[in-house]
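K.L.:
I would like to see how this sequence folds:
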Amino acid sequence: MPELVFFSGTMDCGKSTLALQIGHNRSARGLQGVIFTRDDRAGEGKLSSRLGLVTDAVEAEEGMDVYAHIVGRVSRGGRVDYVIVDEAQFLAPTQIDQLARVVDELGLDVFAFGITTDFRTKLFPGSQRLMELADRIEALQVEALCWCGARATHNARTVGGEMVVEGAQVVVGDVNRPAGEVGYEVLCRRHHRRRMTSGSARAGALSPDVLPVSSD
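P.N.:
Numbers count the residues shown, from 1 in each chain. The predicted structure is shown next:
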């Protein structure tokens with residue numbers, strides 16, 4: 001039976017790499033798919049991983065009817081055997097409904113990849129709708145790690161190297177950006193609550209003692 005599968009995890013846990021691998025495995029068997037993405041780090045109409053792999057994709061722009069796009073492709077003689085959606089958290093809930101319709105009415109497997117919560121630990125609307133509708137939810141097995149070595153569970157946004165908890169929900173960036181840019185870092189819950197990024201932890205470790213140390 002065709003399924004709507006939601007692969008979820010934090011940033012830096014291999015979602016895009018797995019999406020590319022699934023596409024590669026199916027194309028190697030002669031299957032043809034449609035790949036959607038939204039606001040990928042490599043630019044419009046691209047699906048990329050941090051390992052350096054990249055492929056062309058369809059940009060799922062705001063207001064786009066993804067179900068109608070697939071129906072249109074098939075009606076023009078194209079072949080579609082499966083659908084992959086990366087950065088699915090950025091899709092609107094109505095677009096997630098359209099993906100479910102692709103599964104139910106067209107009989108195609110849909111593999112959606114995305115992070116569940118934003119830098120404020122709030123659910124993305126697209127991810128919330130996927131959790132409500134998916135036939136199956138899979139947590140990525142490659143665990144991202146916080147700077148302290150614990151399992152990373154939260155995504156943090158940084159500006160100028162400092163963690164921020166206010167601002168627009170969607171601001172395109174990536175991990176390991178220069179300190180002056182908008183960037184992201186994965187943290188464990190404890191350090192996300194304390195707003196302690198790797199940069200602030202290093203600064204704290206290098207700071208002089210607050211109280212003077214006597215040699216007596």
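K.L.:
What is the end-to-end distance of stretch 49-63?
P.N.:
For stretch 49-63, the first-to-last residue distance is 26 Å (Cα to Cα, to the nearest Å).
K.L.:
from the middle of its chain, how far away would that stretch be?
P.N.:
Counting by Cα atoms, centre = their mean, to the nearest Å, stretch 49-63 is centred 11 Å from the centre of its parent chain.
K.L.:
Could you pull up the mean pLDDT of that stretch?
P.N.:
Per-residue pLDDT values over stretch 49-63 give a mean of 85.
K.L.:
buried residues in that stretch?
P.N.:
49, 54-55, 57-58, 60 (16 or more other Cβ atoms under 10 Å). Every C-beta, even on glycine, is put in place using the N, C-alpha and C of the backbone.
K.L.:
Among these, which one lies nearest to E162?
P.N.:
For those, the residue nearest E162 by Cβ to Cβ is S49; the value is 27.7 Å.
K.L.:
Now do the phi/psi pair for the closest one.
P.N.:
phi -120, psi 160 (degrees, to the nearest 10).
K.L.:
For it, list the residues it contacts.
P.N.:
14, 16-17, 20 (Cβ atoms under 8 Å, 6 or more residues apart in numbering).
K.L.:
Name the weakest-confidence residue in those, if you would.
P.N.:
Minimum confidence in the contacts of S49 sits at G14, scoring 75.
K.L.:
Distance-wise, check that residue relative to C146.
P.N.:
Distance of G14 to C146, given as Cβ to Cβ, to the nearest Å: 16 Å.
K.L.:
now swap in V34 and tell me
P.N.:
On the measure of Cβ to Cβ, V34 and C146 end up 35 Å apart.
K.L.:
Comparing G14 and C146, which residue is more hemmed in?
P.N.:
Taking other Cβ atoms under 10 Å, G14 and C146 do not tie; C146 has more neighbours (24 against 20).
K.L.:
Would you agree that one is in contact with C188?
P.N.:
Yes. Assessed by Cβ atoms under 8 Å, C146 is found in contact with C188 at 4.0 Å.
K.L.:
how about the helices in the chain?
P.N.:
Secondary structure of the chain, counting by DSSP state H: helices at 15-28, 66-75, 93-106, 125-133, 189-193, 198-206.
K.L.:
what pLDDT, on average, does the second one get?
P.N.:
Taken as a whole, helix 66-75 carries a mean pLDDT of 96.
K.L.:
I am finished for the moment; much appreciated.
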